[in-house]
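In: Output the structure for:
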Amino acid sequence: MSKSTAIVKKDDTSSSMISMIMSMMMLMFLSDMLQSRTSATQAQALQFTQAAQAVPTLTSELLEYDVNGNMVYMGEAPTGAPTNLPYWRIRKMTYDNNGNITSQLWAEGSLEFMFVWDNRTLYTYS
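Out: Next up is the predicted model:
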């Protein structure tokens, strides 16, 4: 199965709203967690907060499909990020013979925004 070279660029103006809602939900969860004194430690709560704040507002998305119309690569980055610089987090999807997604893997196993979209085929995905 060969891949097509068609890449779709998608500007998602609702990403800012989604990011804001997700941040609010994470902060509400954190507040509830600390008030209820669940098994989470303050260090875990701090780590959770830092991770939530580290996610940039996404407004650009690049998609690459194979010849069967299955999305193979999905790249996310802040608006205007060049594809040849390390501002991207890249996901790779695999499919079974029926076209069902069997896995969603991340470049070098990381959700960080530190990859180059143009090099997406060179990374190891896990």
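
In: any weak-confidence spans in this protein?
Out: Within the chain, the segments meeting pLDDT under 70 span 1-58.

In: Tell me the secondary structure at Leu63.
Out: Following DSSP: H, G, I helix; E, B strand; the rest coil, Leu63 is assigned to strand.

In: What's the separation between it and Asn84?
Out: From Leu63 across to Asn84, the span is 18 Å (C-beta to C-beta, to the nearest Å). For the C-beta atoms, the positions are set from N, CA and C on the backbone; glycine is no exception.

In: Of those two, which one has the most company?
Out: Taking neighbours as other C-beta atoms under 10 Å, Leu63 and Asn84 compare with Leu63 leading, 14 against 10.

In: do you know how far the more buried one is from Trp117?
Out: Leu63 is 11 Å from Trp117, by C-beta to C-beta.

In: what do those two both touch?
Out: Jointly contacting Leu63 and Trp117 under the rule C-beta atoms under 8 Å, 6 or more residues apart in numbering are Gly75.
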